[in-house]
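Asker: Dropping the sequence and predicted coords here.
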Amino acid sequence: MRSVNRQQLEYFLAVAEHGSLGHAAVAAGVSQPSLSQALGTLEKELGAALVRRVRRGAVLTPAGHAFVPHARLLLRELRRTGEVIGGPDGRPAGELDLVTTPVLAVDPCAPLLGRFRGLHPGVRVRVQVTDRDAEVPGMLADGRAEVGLAYLPLDADGIVVRALAEHEIMAVFPPGEPSPPDPLPVRWLAGRETVGVTGHSRQRALVGDHLAAHGVRLRVTVEVAHREMVVPLVLAGAGMSFLAGKVARWAAGQGARVRRLDPPLRQRYGLVYVPGRLSPAARALTGLAVAPDDGGHVGGGSHDG
Amino acid sequence: MVGPMTGEPGRGAPFTGLRQAEYFLAVVDSGGITAAARRLHVAQPSLSQTIRAIERQAGAELFERTPRGVVPTPAGRALVEPARRLLAARRAAGRAVSDVASLRAGRLELVAHASVTADPLARAVGAFRRAHPGVGVLVEDAPDDDELVYALADGRHELAVVSLPLPPAPGLVTEELGHHDIWLAMAPGTVVAPGPVSAAEVSAMPLVAVLHGGSARHAIRRALADAGHEEGTGREEDTGDERSTRHQQDAGHGEDGRGPARAARSWAGVVTPRLGSVIPLVLTGAGAALVDRWYAERIAEQGGVVRRLDPPVRAPFGVARRREPLSPACRVFLDVLRETCAARSADGPGAEA
């Protein structure tokens, strides 16, 4: 496997992602014969067929499946060799691939990236978002991201988990309603009309389980695909909802009534990564995340807007 | 994610591929181009040229000449660790691929009819796992035969282990590996004469039939038809879930216009979607069933009464695949399956008189 080059790796991953030589060639901006030839050379170098041509395109062989995360890692390491020299004044440069969930993307990921970019302007950060916390370790293992941020616990073999802090999940009500009790007994929520986000977010499951443990069921009367719509809907009086961390505080700042639950609902989140694979940029981000932060991450107490 | 393909690495990216990283490290470790060229078995001029190309790509000088020889510049030094990591990643990748080829890792993926899973597939998978413990196994359920044949031709599955025959399809080959002898299994306490049972006697009994994945559907249909059995008898009960009802309603495909469901309905008192449920159905007296020897043995073990058929009914099984070469795990497994089938004995279960 001596002369594997960047192009062959990129073409192979394109075929893996598109499921067809033709689509991969279009995506790569080359002719299909060129791509096919590069793929053939790669297969000869590795001594195994990576791709099986079938009626509808191309599928990965078992060897191809095994090679995918390695191809991504090789490309990443190739890219990294460029970062070492290219960085200004010796600080980390290059790219950082992060994966997180929609809830954690807003808090703590965004503030963390703000601080990180201030310190490391040479690093370009790419954030991928997945609906399910459980998918985060898989995305690290197959090389699609370097660092993940997810609610814990996570089922993760061979992955380092650095617990960071907790979110407190708060109940959020429209302004102008009679002031809900503070703290808010969970049973008070029975039959309440809520605004919910479609999908299988961990937050939704956590809230559901927490309430169900007390015999309480919610009615989701407004369900939206876009998380960004929740706070405006609550403020507009469409119903109550549940928010975590800074988002709850921002909603309070805009006039919503935010209440801590009784019993409280808290969920720990953390950073995850594959040991031994961190780039200098990723190491810097991890260091920043686990360092104490004067702002604090834990959601504070109840607020009224 | 595919980046721009200009054929040149971006500014600041020193290596176009792994060979360049290897050459770079050889110069670092050997302390000079001449020594490195010897170590790599390449001509010195071409190594020099490669190093110059790497420096151009990196946008920096990586080596400087000193009285002691060629030593890395600070930029060159910074590149050493990443280059070593790159080559380590290359070695790991090579190992991963060869592990799959040599069956130290990877996964065997099969699709199979339920009828062959207890026998012979389970034994073959057991033998395969003992021989290759690093390889996981996935056995998927075969969809109906037309879909299965499509899926094989499409490349969605490499190897199918099935009751035969399958509908013919261009590009597919089947290989018969053995057959199931079909037995009649009845509830405990059934009074029946010793010795094999004729098809006519069978057709007079209330029967339990399997809609999907049973061994003998073709063979049984033929045998009963040969015995002059008429269609349209028996009460229908849906013992399964909605799916079995839908399946009954949807069936009607097939060359002679009779799908398995309609055929089953023609002679079965009870129709179930699942092969596994035949055992409890027979034991509780829902009806008799025509099953292969493995199921007959399980039923006999729990007190059921089993008999051979006269004339014997055989349900062949084997594999189906595309013509092209199989991947290593499938190839090895097919050999194991052939050996397993060759070793199968033809003796029947003990409870016979």
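Answerer: Yes, it's here. Keep in mind it's a predicted model, so treat the numbers as computed, not measured.
Asker: phi, psi of the closest residue to chain A within the stretch 151-300 of chain B?
Answerer: Closest residue of the stretch 151-300 of chain B to chain A, CB to the nearest CB: residue B:155 (2.6 Å). (Glycine included, C-beta is placed from N, CA and C.) Phi and psi for residue B:155, reported as degrees, to the nearest 10, are phi 90, psi 10.
Asker: Same check on the one 4 residues further on?
Answerer: Backbone torsions of residue B:159, given as degrees, to the nearest 10, read phi -140, psi 130.
Asker: Quick one: neighbours of it, just the number.
Answerer: Using other CB atoms under 10 Å in any protein chain shown as the criterion, residue B:159 is surrounded by 23 other residues.
Asker: before we move on, what about residue A:211?
Answerer: For residue A:211, the neighbour count with other CB under 10 Å is 20.
Asker: Same question for residue A:24.
Answerer: By the criterion of other CB under 10 Å, residue A:24 has 27 neighbours.
Asker: Skipping its backbone neighbours, what lies nearest it in space?
Answerer: Nearest residue to residue A:24 in three dimensions, chain neighbours excluded: residue A:14, at 3.7 Å (CB to CB, 6 or more residues apart in numbering or on different chains).
Asker: show me where the stretch 151-300 of chain A has strands.
Answerer: Using DSSP state E, counting those that start in this stretch, the strands of the stretch 151-300 of chain A run over A:160-173, A:184-185, A:193-197, A:219-224, A:241-244, A:257-259, A:261-262, A:266-273.
Asker: List the contacts of residue A:194.
Answerer: If you count contacts by CB atoms under 8 Å, 6 or more residues apart in numbering or on different chains, residue A:194 has them with A:218-222, A:239-242.
Asker: Please report how far residue B:162 lies from residue B:115.
Answerer: Separation of residue B:162 from residue B:115 (CB to CB, to the nearest Å) stands at 8 Å.
Asker: These two: which is more packed in?
Answerer: In this comparison of residue B:162 against residue B:115, neighbours counted by other CB under 10 Å, the higher total goes to residue B:115 at 27 against 24.
Asker: Pretty sure that one sits in a strand.
Answerer: No - in this structure, residue B:115 is helix, not part of a strand, as judged by DSSP: H, G, I helix; E, B strand; the rest coil.
Asker: Is it correct that it is in contact with residue B:315?
Answerer: Yes - the criterion here is CB atoms under 8 Å, and residue B:115 meets it with residue B:315 at 7.4 Å.
Asker: if I look at the residue in the stretch 51-200 of chain A positioned nearest to chain B, how far off is residue A:202?
Answerer: Of all residues in the stretch 51-200 of chain A, residue A:54 sits closest to chain B, with a separation of 2.6 Å (CB to the nearest CB). Counting by CB to CB, the gap from residue A:54 to residue A:202 is 37 Å.
Asker: Also residue B:307?
Answerer: Residue B:307 sits at a distance of 57 Å from residue A:202 (criterion: CB to CB).
Asker: Equivalent analysis for residue A:30, please.
Answerer: Between residue A:30 and residue A:202 the computed distance is 41 Å (CB to CB).
Asker: again, but for residue B:164
Answerer: Noted for residue B:164: a distance of 48 Å to residue A:202, by CB to CB.
Asker: circling back: intersection of neighbour lists for residue B:162 and residue B:115?
Answerer: Here residue B:162 and residue B:115 have residue B:317 as joint contacts, going by CB under 8 Å, 6+ apart.
Asker: just for chain A, where's the confidence low?
Answerer: Counting by pLDDT under 70, chain A has low-confidence residues at A:1-2, A:84-93, A:292-305.
Asker: same question, the stretch 101-250 of chain B
Answerer: Per-residue confidence of the stretch 101-250 of chain B (counting by pLDDT under 70) places the weak regions at B:211-250.
Asker: The stretch 251-353 of chain B now?
Answerer: Within the stretch 251-353 of chain B, the stretches falling below the threshold (pLDDT under 70) are B:251-268, B:345-353.
Asker: Report the contact partners of the closest residue to chain A within it.
Answerer: Residue of the stretch 251-353 of chain B nearest chain A, by CB to the nearest CB: residue B:327 (5.2 Å). With contacts defined as CB under 8 Å, 6+ apart, the neighbours of residue B:327 are A:49, A:52, A:61-63, B:158.
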